[in-house]
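Trainee: structure for this input, please:
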Amino acid sequence: MMERQNDQIQYKREMRIPVDIPVRISSVLVTSDAVLRNLTEHGALIDGISLAPGAHFQIEYEGQILFGIVAWAEDDRIGARFPFALEDGPLYTRLQQAVLDHEVRQKSGAANNLIAPMPTAHLPARTPLNPMRRPVAGFGRRGL
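Mentor: Coordinates of the predicted model:
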């Protein structure tokens, strides 16, 4: 029991790699096109479909079939976990390429932060942000 809890904690800490991969999702009741928005070897965020939490489904991509279970669901997207780790096939190849692309972007972003900031004395003063005001556009499941 303790080992399973440690596995779930590890999956939650795993870095989610942003991707944009069109796939086909099939379950007992629904077959639909959807898009993977982020991906790891143990789960994914899938946009464009809604299934009940706990539902079993399969992801079809370039002849590969990957099984998933809905961890959480919203109006038109789901969080999925894979009962079997993604370890090979075309989807795994896309994940590995996305990891490399993500690392390059991270490194180039870090290099850009080393450049000295431009002086801002000539720019108009900004009004300070109100910390109590929620952003208009949401981010993530809870709109944070």
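
Trainee: pLDDT weak spots in this protein?
Mentor: Low-confidence segments of the chain (pLDDT under 70): 1-13, 109-144.

Trainee: phi first, then psi, for the nearest residue to residue 35 once chain neighbours are set aside.
Mentor: Nearest non-adjacent residue to residue 35, counting by Cβ to Cβ, 6 or more residues apart in numbering: residue 47, 4.8 Å away. C-beta coordinates here come from the backbone N, C-alpha and C atoms, glycine included. Per-residue torsions, residue 47: phi -110, psi 140 (degrees, to the nearest 10).

Trainee: hang on, residue 47 packs against residue 34?
Mentor: Yes. Using Cβ atoms under 8 Å, residue 47 is in contact with residue 34, at 6.3 Å.

Trainee: which one's more surrounded, those two?
Mentor: For residue 47 versus residue 34, the count of surrounding residues by other Cβ atoms under 10 Å is larger for residue 34: 21 against 15.
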